[in-house]
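Engineer: this one's structure only:
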């Protein structure tokens, strides 16, 4: 996927959100960031007590999360190109029934390693990304709205956070899934599965809330970059606890490797997410 910067608001702003990561540095204020195959024989127990195949376990991740209603979420997105590696972190809550989340996203320091940038508040909603404290000429009390279907990556990496629900939807395109083993994750016993998700296949199988974004990603990443290796960890209830996905795209002639990790915990917590009113959305020019 080739990412290009654009300079206007609305759909044009989508390109400006993604800033190239170079071997020299990342300017964080401009970043944000600029059918199931079955393998192995060990799955997890389903509702009837029977053991499910690995491909079935990961394919039903979305349904299990909807059943859990909500959770806390922690995210990290590590980007590497050449000798440079930066990490963007997020923390918040997610409402799986409404497919909406709110996270506070912390950007890396600037290229000189100097001042910290103000955290950006992100609201994740079906087909849209809202950001506050975006900077780049946006008033502090205004939100920037981006239509995720207009982004060349469908917002899998653009916002510095992979939407947890869209990340789980990607597992609908998983193939060659195998059981790795059991381990402890933050005091919870989990089962570790590994495989590769195909973005076009996931887009075809995704629910309507994620279909547009994944279709854009399938087109943007292309056939050569549309395979996403993953490691997924499920608890005894079949709830996705941790998901690590590896994306790659080409920017400025360089291949950028992105490792996106999502941790889900505290299931059932209150997760009230309110989208901004139309009057609070910035419609002016975005400085790049």
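Structural biologist: Everything's here; your move. Quick caveat: nothing in here was measured; it's all calculated off a predicted structure.
Engineer: Longest helix in the protein, by number of residues?
Structural biologist: Longest helix of the chain, by residue count under DSSP state H: helix 208-225.
Engineer: Can you spell out which helices and strands pack onto that helix?
Structural biologist: Applying 3 or more CB pairs under 8 Å, 6 or more residues apart in numbering; DSSP states H and E, one finds that helix 208-225 contacts helix 164-170, helix 199-205, strand 240-251. Where C-beta positions appear, they are placed from N, C-alpha and C, glycine not excepted.
Engineer: what's the neighbour count on residue 160?
Structural biologist: 31 (other CB atoms under 10 Å).
Engineer: ok, which stretches of this protein are helices?
Structural biologist: Under DSSP H, the chain gives helices at 13-17, 54-59, 61-68, 164-170, 199-205, 208-225.
Engineer: for the fourth one, packing partners?
Structural biologist: Contacting helix 164-170 under the criterion 3+ CB pairs under 8 Å, 6+ apart are the following elements: helix 61-68, helix 199-205, helix 208-225, strand 240-251, strand 254-265.
Engineer: just to revisit the earlier point, now tabulate the helices and strands packed on helix 208-225 in JSON lines and tack on mean pLDDT and mean neighbour count.
Structural biologist: Below are these laid out as JSON lines (pLDDT from 0 to 100; neighbours: other CB atoms under 10 Å):
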{"stretch": "helix 164-170", "mean pLDDT": "97", "mean neighbour count": "26"}
{"stretch": "helix 199-205", "mean pLDDT": "96", "mean neighbour count": "22"}
{"stretch": "strand 240-251", "mean pLDDT": "93", "mean neighbour count": "21"}
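Engineer: Present those as TSV; the columns should include distance to residue 191.
Structural biologist: Output for these, formatted as TSV (distance: least, CB to CB, whole Å):
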stretch	distance to residue 191
helix 164-170	16
helix 199-205	21
strand 240-251	10
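Engineer: hang on, the earlier thing: I'd like to know which of the helices and strands packed on helix 164-170 is closest to residue 77.
Structural biologist: Among the helices and strands packed on helix 164-170, strand 254-265 comes nearest to residue 77, with 5.0 Å by CB to CB.
Engineer: Name the strands paired with that closest one and say parallel or antiparallel.
Structural biologist: In the sheet, strand 254-265 lines up against strand 70-81 (antiparallel), strand 240-251 (antiparallel) (DSSP bridges).
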